[in-house]
Structures are given as structure tokens and as C-alpha cells.
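Enquirer: Any chance you can model this:
(chains A and B)
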Amino acid sequence: GAGVSQSPSNKVTEKGKDVELRCDPISGHTALYWYRQSLGQGLEFLIYFQGNSAPDKSGLPSDRFSAERTGGSVSTLTIQRTQQEDSAVYLCASSRTGTEQFFGPGTRLTVL
Amino acid sequence: AQSVTQLDSQVPVFEEAPVELRCNYSSSVSVYLFWYVQYPNQGLQLLLKYLSGSTLVKGINGFEAEFNKSQTSFHLRKPSVHISDTAEYFCAVSGSGNTGKLIFGQGTTLQVKP
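Expert: Model prediction:
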């Protein structure tokens, strides 16, 4: 079956612009996670959605970052007023059980 | 809170030699432990996981890991590596009672030489 998909695969933007990153989880997976992978910080948890529960936003680095999940499926991560330090690969993962996460290929964001 | 330390940033090894990638964790609660592999320009793929039960866990591609609670370690091993094993390997932990969000180590680059 289809895995986790993310779009775009690459995004280049100018400092100060807003960007939206999309994640399509595996069908039937109720849990969805966003992580960020950067050279300086490694792999960091950003946010977690589980069903209709309030999301765990404890990993979001600033209030410029937000995410939503519509209809319990597709998720969008939005970064407002991008900064150069936001440059990273943004990874999405989904899970049915919470004990095994399936990762998408990531979106590489470059902020000029 | 949990944390993970991968003791080696790079591990060079010759093809067909054995390899061990080291991982130590810190946690005040029971944990689940994972090893993921990332090939160049790809996402993360689960190699193996420890949830409970036998402390020796076997995964894909001939890898195995042993959970040692007293030493808070979860080292990854393979008896004979191939060129195709060249990749970055991440150890990760999640609290057994929480959301499943993963805390990752900094990664170890395995370089297999012919």
C-alpha cells in the first residue's frame, strides 16, 4: 500500500515569506507526527496529532510554527515569516499503534 | 524526560566485518527503544524495536540489538556488513506510557569500505 507522502519535496523561499508543508499519512493511521532534521540540532520532535484530541505542540520552536490536521487525515505545517535557521528537512510520520512510526521522504526547506 | 546518546558519530568498517553502533539512553520511566536507518536523500526506515519481553531483538537486514536495562544501553550489531549498509543510523526512545513521540540520538554514520 501507499506510504506516507509529503509535498513539496523541495522548497526554496526568501526570508520573511510564509511556507506550507503538506503530509498525507497512511490511510487508517490515527497518529501523525512532525519532526525536523537539521545539521545543528539533529532530529527534533515538533508536534503530534492523535485522532480528535488536542495536539501536543510541545516541540514547536516558536509561535511562527503551527500545524493543523483536517478530517483526521492530511496535515499542514505552516511556518510564518521564515528565518534562515528554519532551513531543514521536515519529516512527517504516521502510526496506527504509536509503537511504530512510518516516515515520509521529507520536505527540504531552504530559506535564502 | 528522555534523552539518547549515540557514542560514535562515524564508524568506518570494512565489508564483511562485524559492527556495533552504540546507544545509551536516559529516562525516569519505562521506555520503548528503536533503531532507524536513513539512506542518502531518503526518509527514516525502522530497523528494529524493543517494546517488552526478550532483550535480544532481531530486525531487518540482519541487524540485531540488545536491551540492557542496568546499563541503559541498546547497542546495534551486525555480524557481517555489506557496502549497501552504508547509511546513517539513529537510536530513538519513547516513554512507554505516552504519545509515542520519539527522542532521537544525534546519529551514527556507518561507512562500509570495500
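Enquirer: Sketch out the strands for chain A, chain order is fine.
Expert: Counting by DSSP state E, chain A has strands at residues A:5-7, A:10-13, A:19-24, A:31-38, A:42-50, A:65-69, A:75-79, A:88-95, A:102-103, A:107-111.
Enquirer: what angle do the longest one and strand A:88-95 make?
Expert: It stands for strand A:42-50. 40 degrees (axes from the mean of the first three to the mean of the last three CA atoms, to 10 degrees).
Enquirer: With distance to chain B and mean pLDDT as extra columns, can I get the strands of chain A in TSV?
Expert: From N, CA and C alone the C-beta is placed, and that goes for glycine too. Below are these laid out as TSV (distance: least, CB to the nearest CB, whole Å; pLDDT from 0 to 100):
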stretch	distance to chain B	mean pLDDT
strand A:5-7	8	96
strand A:10-13	11	97
strand A:19-24	11	97
strand A:31-38	6	95
strand A:42-50	4	93
strand A:65-69	14	95
strand A:75-79	15	97
strand A:88-95	6	95
strand A:102-103	4	94
strand A:107-111	9	97
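Enquirer: could you redo those strands as TSV and give each row mean neighbour count?
Expert: Below are those laid out as TSV (neighbours: other CB atoms under 10 Å in any protein chain shown):
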stretch	mean neighbour count
strand A:5-7	17
strand A:10-13	14
strand A:19-24	18
strand A:31-38	23
strand A:42-50	21
strand A:65-69	17
strand A:75-79	19
strand A:88-95	23
strand A:102-103	20
strand A:107-111	18
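Enquirer: Ok, which of those comes nearest B:Glu20?
Expert: strand A:42-50 (20.9 Å; CB to CB).
Enquirer: Which elements pack onto that closest one?
Expert: strand A:31-38, strand A:65-69, strand A:75-79, strand B:103-104 (3 or more CB pairs under 8 Å, 6 or more residues apart in numbering or on different chains; DSSP states H and E).
Enquirer: What pLDDT is listed against B:Ser27?
Expert: Listed pLDDT for B:Ser27 reads 87.
Enquirer: ok, the nearest residue to it once chain neighbours are set aside - how many residues close by?
Expert: Distances taken as CB to CB, 6 or more residues apart in numbering or on different chains put B:Gln2 closest to B:Ser27, at 4.3 Å, once the chain neighbours are dropped. Other residues within reach of B:Gln2, judged by other CB atoms under 10 Å in any protein chain shown, total 17.
Enquirer: Next up, the contacts around the residue most central in space within chain B.
Expert: Residue closest to the average C-alpha location in chain B (CA atoms, centre = their mean): B:Trp35, at 3.4 Å. Residues counted as contacts of B:Trp35 (CB atoms under 8 Å, 6 or more residues apart in numbering or on different chains) are B:21, B:23, B:46-49, B:59, B:63, B:65, B:74, B:76, B:89-92.
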